[in-house]
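Trainee: fold the following for me, if possible:
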Amino acid sequence: MSPDDKTEQQTVEGVSDMEPSDGAEIDKTADAADEAQQDDDTTAPDTTSPLGDEVSRRRRVKIVPVVLVLLLVASGALAAWLYVVQFRPDEQTDAASRSAVDAARDGTVALLSYKPDTLNQDLAAAKSHLTGDFLNKYEQFTRQIVTPAAKEKALTTTAQVVGAAASEVQPNSAVVLLFINQATTSKDRPDPAMASSSVLVSLTKVHGTWLIANFQPI
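Mentor: Next up, the predicted model:
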């Protein structure tokens, strides 16, 4: 055998000896990686398991009622605030307007309605709705003009308010617009004479009661 043949044989034998060894090392490395992966799979939490879903659902169920309660509390507080800040003042203003309109309506009907047979009672009832200088003027007017004419001509007047609206309302004063139909009869004219008019009635609150302080035809 030549030296070259010996060298080639030794090279082949060396390569043959290394192959099994390298293969063993690769297999061991792969096995170790598999074992590590299995360990990781064992220790890692399974977030996709039914138990994990159940826990998540329970947490959501607990959170939802709390949010609903907070929303209800917030909406209730908002409603209370709107009632106190907006609705109550509006409600009080509406009540004052209705009270002033009713007082103007009742006082005007009493002021413009009377019969000869009940003249003194009718005039006294009308004066109970009046105040201030207007009361003094009404007393003078009825004494000098209304009373003699009503007794002499048997005048009967009946007033009806067909429309009313508050023009201005303050805590102690108000102005109300009234639309009035009035029918008048006498012994000379038994058929009613109809008249329509509109007036601005000014009112003043005296001891908590609305009284007419001025009566202005427009």
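Trainee: need the three-state assignment for residue 194.
Mentor: strand (DSSP: H, G, I helix; E, B strand; the rest coil).
Trainee: please name the nearest non-neighbouring residue to it.
Mentor: Distances taken as C-beta to C-beta, 6 or more residues apart in numbering put residue 183 closest to residue 194, at 5.7 Å, once the chain neighbours are dropped. Placement of C-beta: from N, CA and C, glycine included.
Trainee: run a quick neighbour tally on that neighbour.
Mentor: Residues near residue 183, counting by other C-beta atoms under 10 Å, number 15.
Trainee: run through the bridge partners of it.
Mentor: Residue 183 has these beta-bridge partners by DSSP bridges: residue 158, residue 194.
Trainee: surely it touches residue 192?
Mentor: Yes - A contact is recorded between residue 183 and residue 192 when judged using C-beta atoms under 8 Å, the distance being 4.0 Å.
Trainee: show me where this structure dips below the pLDDT cut-off.
Mentor: 1-93 (pLDDT under 70).
Trainee: what ranges do the helices span in it?
Mentor: Defined through DSSP state H, the helices belonging to the chain, from first to last, are 3-43, 50-82, 88-112, 119-127, 132-141, 147-153.
Trainee: can you list contacts of the third one?
Mentor: When contacts are defined by C-beta atoms under 8 Å, 6 or more residues apart in numbering, helix 88-112 is touched by residues 122, 125-126, 128-130, 138, 157, 159-161, 164-166, 169, 171, 174, 176, 178, 180, 182, 199, 201, 203, 209-212, 215.
Trainee: got the domain boundaries for this structure?
Mentor: The chain resolves into domains spanning 3-44, 98-217 when parsed by automatic domain parsing.
Trainee: check contacts around residue 167.
Mentor: Contact analysis of residue 167 by C-beta under 8 Å, 6+ apart lists 175, 176, 177, 200.
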